[in-house]
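Peer 1: next one to model:
(one chain, ligands or ions: 1)
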Amino acid sequence: MLKPQASATRELLNLDGLWLFATSDEVDDQPWQARLATHRQAPVPASYNDLFNDRAIRDHVGDVWYQREIHVPRGWAGERIFVRFDAATHHGAVYLDDVFVGEHAGGYLPFEFDVTDLVTPGSAHRLSVAVNNELTRTTIPPGKTETGPNGKKVCTYLHDFYNYAGLHRSVWLYAVPATRVADVSVITDRDGAAGLVNYLVETTGAAEVCVRLTDEDGQVVATGSSKSGTLRVESVNLWQPGAAYLYELTVELCDGDELVDTYRLNVGVRTVEVRGNEFLINGEPFYFTGYGMHEDHDVRGKGHDMAHLVNDMALLKWTGANSFRTAHYPYAQEVLEYADRHGIVVIDETAAVGVNLGVQGGLTGIGPEPTFTEETFGTETRQAHEQHIRELIARDKNHPCVVMWSIANEPASNEEGAREYFEPLVNLARELDPTRPLTYTVVMMANHENDKMADLFDVLSINRYWGWYVFIDDLPLAEAVLERDLRGWVERFGKPIMMTEYGADTLAGLHSADGTPWSEEFQSDIYEMYHRVFDRTPEFIGEQVWNFADFRTVPAIHRIGAGNKKGIFTRDRRPKMAAHTLRQRWTSIGDRKPTESTPSPPPNPAVDHILAAMRKHAGG
Ligand code: GCB
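Peer 2: Residues are numbered from 1 along each chain as shown. Predicted coordinates:
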């Protein structure tokens with residue numbers, strides 16, 4: 001799906017700003033049929049939850065309504081006119097004046113509708129959107145929405161970050177020619193010192209297709225004159241981690257001498273490959289350093305903001321990190337464009353967080369339901385997950401920064417049915433994108449013995465909290481368990497392995513000479529402990545800590561101020577001590593060479609006993 005852009009043949013109007021805003025409790029049944037009965041305004045893009053200092057709005061479950069007037073330029077007569085939402089979390093239903101236009105499920109990916117027949121160029125129209133935040137067993141991410149005793153809906157879910165909702169990203173009105181570029185796909189490769197750009201242009205209607213590739217100085221380096229082909233760039237400047245280089249591919253549709261449509265796409269020439277235990281970018285082993293992140297800020301919640309984007313990426317680079325994972329949902333496309341431009345490597349994750357009822361059992365003490373049944377997460381959940389993967393790859397396939405897809409965070413890969421649920425998703429992702437490796441992040445309860453699906457994937461991405469949720473008072477034991485745990489994965493699967501979550505909640509400003517949990521010292525100690533183990537594991541290809549910054553959560557007894565405090569930065573982006581610990585390591589990590597290899601850690605009966613007990617608990 002092409003991101004809309006202004007060009008010689010395309011016009012784009014941004015609809016961000018203040019929209020009228022009301023919850024479904026405040027309006028009648030068909031609020032799109034008239035001006036919304038409210039004077040309240042909400043900014044777009046932003047989550048609505050934290051804006052109004054009003055719990056009824058913050059905790060509202062169900063529809064909220066956004067409405068504004070749009071003015072369609074008279075010069076758009078004869079063009080096709082689209083309305084596009086970069087995200088409506090989690091479901092958007094769109095109305096123009098009195099007419100229902102369409103709807104979209106999935107809160108973190110764009111959708112658009114052709115409204116040419118519903119608008120008159122030169123006139124004003126009423127655009128209304130119902131945004132719904134309910135999560136169910138057939139949404140991605142999944143959850144449960146029930147009606148409480150007071151008649152109000154309550155939504156519970158299987159992830160800790162707060163279920164922010166609203167129009168989180170920009171809204172656009174745009175005009176394109178009837179015959180136009182409908183999609184462009186590029187796959188890049190290398191041939192010695194030359195770069196190859198394989199491209200495919202899809203069009204609506206028949207037209208001659210011309211493409212040209214220009215370098216960063218604006219020099220044309222290759223041209224083509226068909227819908228698909230390979231552009232060869234001699235002495236190519238590769239897109240490299242930390243040293244991005246972007247060519248620009250211009251696609252033109254012509255009818256004789258007349259330019260019918262034109263679209264521009266940034267192209268980074270690079271290859272990605274998993275070979276043996278290595279993750280190769282441009283044929284060179286790559287070691288990930290960085291973060292699992294969240295789109296999360298004070299006041300605007302998950303609303304996209306360019307100033308926060310630039311600042312977050314500056315802080316990421318300041319710590320010497322080279323990468324991040326879009327935990328736990330696809331981020332705004334501007335984030336990927338920025339990473340493309342600045343050579344930041346991205347693991348692009350779906351919103352499938354919490355396909356795991358075992359976690360809920362663990363947290364509540366209530367015996368968990370099995371995850372993969374038709375009554376829990378079955379065919380319908382998988383179909384929603386499939387649709388989400390299709391939309392994610394359609395949006396992000398051309399970003400050079402994206403080097404791997406993570407198709408779920410911490411699914412119940414230790415449970416019966418996991419393989420049957422995930423194998424079709426793996427096949428689908430490989431069919432849609434045969435070039436990028438696949439991974440999922442592994443929950444604590446899944447270990448190398450009970451996991452049912454890691455062999456289907458290319459990279460082992462392990463999330464672990466030894467030393468925090470388990471063995472908080474015994475870091476030496478946590479260290480031994482971690483090492484035994486990781487070694488088990490290496491030995492059973494023989495694949496590249498990385499850590500995609502590890503860390504400890506830390507209250508900024510709390511210090512302790514003897515490293516008490518929650519102190520800044522403890523957070524640094526735990527990172528140093530994990531790094532010792534990584535450095536003894538030659539198969540390791542990376543470390544992404546949890547989390548870049550403190551973030552808002554559902555209120556819980558272990559979530560001070562309704563926040564997860566595992567940030568390396570506070571929520572307002574002040575560094576904790578661990579930022580310096582990481583910076584020291586990552587700015588000097590260079591070509592990481594493990595100090596020594598320990599094929600098997602020495603036997604430790606206490607560790608074996610604990611692991612056996614945990615396996616029993618996890619049903620493996
Ligand atoms: C996890 C989840 C992450 C949580 C984290 C934690 O395993 O993947 O979303 O925030 O643990 O801090 O508990």
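Peer 1: give me the residues contacting stretch 228-241.
Peer 2: 190-191, 193-201, 211, 213, 215-216, 221-224, 245-247, 249, 268-270, 281-282, 286, 322-323, 340, 343-345, 400 (Cβ atoms under 8 Å, 6 or more residues apart in numbering). From N, CA and C alone the C-beta is placed, and that goes for glycine too.
Peer 1: at 6 Å what do you get?
Peer 2: 193-198, 200, 213, 221-222, 224, 245, 268-270, 282, 322, 343, 345, 400 (Cβ atoms under 6 Å, 6 or more residues apart in numbering).
Peer 1: how about the helices in the stretch 301-450 of the chain?
Peer 2: 306-318, 333-342, 357-364, 379-396, 418-432 (DSSP state H, counting those that start in this stretch).
Peer 1: just the residues contacting the fourth one, thanks.
Peer 2: Right, the one you point to is helix 379-396. Applying Cβ under 6 Å, 6+ apart, the set of residues contacting helix 379-396 is 1, 106, 109, 137-138, 140, 330, 348, 350, 352, 402, 421, 428-429, 432-433.
Peer 1: so what's the model's average confidence on that helix?
Peer 2: For helix 379-396, the mean pLDDT works out to 98.
Peer 1: for it, which positions count as buried?
Peer 2: For helix 379-396, the neighbour count (16 or more other Cβ atoms under 10 Å) marks 381, 382, 384, 385, 388, 389, 391, 392, 393, 394, 395, 396 as buried.
Peer 1: would you format those residues as a markdown table with distance to residue 80 included?
Peer 2: Shown next, in a markdown table, are these (distance: Cβ to Cβ, whole Å):
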| residue | distance to residue 80 |
| --- | --- |
| 381 | 35 |
| 382 | 34 |
| 384 | 29 |
| 385 | 31 |
| 388 | 27 |
| 389 | 28 |
| 391 | 21 |
| 392 | 25 |
| 393 | 25 |
| 394 | 19 |
| 395 | 20 |
| 396 | 24 |
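Peer 1: for those, work out which two are farthest apart.
Peer 2: 381 and 396 (22.2 Å; Cβ to Cβ).
Peer 1: circling back: just the ones of the contacts of helix 379-396 in strands?
Peer 2: 348, 402 (DSSP state E).
Peer 1: one step back: looking at the helices of the stretch 301-450 of the chain, which one has the lowest mean pLDDT?
Peer 2: Sorting the helices of the stretch 301-450 of the chain by mean pLDDT places helix 357-364 lowest, at a mean of 67.
Peer 1: contacting residues for the residue lying closest to residue 157 once chain neighbours are set aside?
Peer 2: Among residues not flanking residue 157 along the chain, residue 143 sits closest, at 3.4 Å (Cβ to Cβ, 6 or more residues apart in numbering). If you count contacts by Cβ under 6 Å, 6+ apart, residue 143 has them with 135, 155, 157.
Peer 1: mind running it again at 8 Å?
Peer 2: Contact analysis of residue 143 by Cβ under 8 Å, 6+ apart lists 134, 135, 136, 137, 155, 156, 157, 158, 163, 354.
Peer 1: ok, now which ones touch the third one?
Peer 2: Taking Cβ under 8 Å, 6+ apart as the contact definition, residue 136 lies against 142, 143, 144, 145.
Peer 1: closest to residue 175 among the contacts of helix 379-396?
Peer 2: Nearest to residue 175, judged by Cβ to Cβ, of the contacts of helix 379-396 is residue 1 at 17.2 Å.
Peer 1: you'd agree that closest one is up against residue 86?
Peer 2: No. If you go by Cβ atoms under 8 Å, residue 1 and residue 86 don't touch, sitting 10.8 Å apart.
Peer 1: joint contacts of the two?
Peer 2: By Cβ under 8 Å, 6+ apart, the residues touching both residue 1 and residue 86 are residue 110.
Peer 1: the more surrounded of the two?
Peer 2: Under the neighbour definition other Cβ atoms under 10 Å, residue 1 and residue 86 were set side by side, and residue 86 has more, 25 against 17.
Peer 1: that one and the ligand: what is the separation?
Peer 2: The gap separating residue 86 from the ligand is 23 Å, by Cβ to the nearest ligand atom, to the nearest Å.
Peer 1: now that residue. Nearest residue, chain neighbours left out?
Peer 2: Using Cβ to Cβ, 6+ apart, the closest residue to residue 86 is residue 169 (3.3 Å).
Peer 1: okay, now the one you found: neighbour count?
Peer 2: Residue 169: 27 surrounding residues under other Cβ under 10 Å.
Peer 1: need the contact list for it.
Peer 2: 45, 85, 86, 87, 110, 303, 304, 332.
Peer 1: let's see it at 6 Å
Peer 2: Residues near residue 169 by Cβ under 6 Å, 6+ apart: 45, 86, 87, 304, 332.
Peer 1: hang on, it in a strand?
Peer 2: No. Read with DSSP: H, G, I helix; E, B strand; the rest coil, residue 169 is coil and lies in no strand.
Peer 1: how far away is it from the ligand?
Peer 2: Residue 169 is 21 Å from the ligand, where distance means Cβ to the nearest ligand atom.
Peer 1: mind checking pLDDT for that residue?
Peer 2: At residue 169, pLDDT is 98.
Peer 1: run a quick neighbour tally on residue 558.
Peer 2: Quick note: residue 558 (other Cβ under 10 Å) scores 11 neighbours.
Peer 1: phi and psi next, for residue 561.
Peer 2: For residue 561, the backbone dihedrals (degrees, to the nearest 10) come out as phi 60, psi 30.
Peer 1: which residues does residue 461 bridge with?
Peer 2: Following DSSP bridges, residue 461 is listed with bridge partners residue 441, residue 498.
Peer 1: show me what contacts it?
Peer 2: Applying Cβ under 6 Å, 6+ apart, we find residue 461 in contact with 439, 441, 498, 500.
Peer 1: now the contacts of residue 169 in JSON lines, with pLDDT and distance to residue 487?
Peer 2: Below are the contacts of residue 169 laid out as JSON lines (pLDDT from 0 to 100; distance: Cβ to Cβ, whole Å):
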{"residue": "45", "pLDDT": "98", "distance to residue 487": "45"}
{"residue": "86", "pLDDT": "98", "distance to residue 487": "43"}
{"residue": "87", "pLDDT": "98", "distance to residue 487": "41"}
{"residue": "304", "pLDDT": "98", "distance to residue 487": "41"}
{"residue": "332", "pLDDT": "98", "distance to residue 487": "39"}
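Peer 1: by neighbour count, which of the residues you listed wins?
Peer 2: Result: residue 87 is most packed of the contacts of residue 169 (other Cβ under 10 Å), 30 neighbours.
Peer 1: where does that one sit: helix, strand or coil?
Peer 2: Per three-state DSSP, residue 87 ends up coil.
Peer 1: hang on, isn't it packed against residue 170?
Peer 2: No. In this structure, residue 87 is not within contact of residue 170 by Cβ atoms under 6 Å, at 8.7 Å.
Peer 1: low-confidence regions, the stretch 1-150 of the chain specifically.
Peer 2: Residues of the stretch 1-150 of the chain meeting the criterion pLDDT under 70: none.
Peer 1: identify the bridge partners of residue 125.
Peer 2: residue 70.
Peer 1: likewise for residue 240?
Peer 2: residue 243.
Peer 1: what number of residues lie near it?
Peer 2: 18.
Peer 1: what pLDDT does the model give it?
Peer 2: pLDDT, residue 240: 98.
Peer 1: so how far is residue 249 from it?
Peer 2: Distance, residue 240 to residue 249, by Cβ to Cβ, to the nearest Å: 19 Å.
Peer 1: what of residue 429?
Peer 2: 24 Å.
Peer 1: follow-up on the earlier one: give me the phi and psi for the residue nearest to residue 157.
Peer 2: phi -170, psi -160.
Peer 1: any idea how far it is from residue 357?
Peer 2: Where residue 357 is concerned, residue 143 sits at a distance of 11 Å (Cβ to Cβ).
Peer 1: enumerate the residues of the stretch 251-400 of the chain near the ligand.
Peer 2: residue 328 (Cβ under 6 Å from any ligand atom).
Peer 1: switch the cut-off to 8 Å
Peer 2: Counting by Cβ under 8 Å from any ligand atom, the stretch 251-400 of the chain comes close to the ligand at 292, 327, 328, 353, 359.
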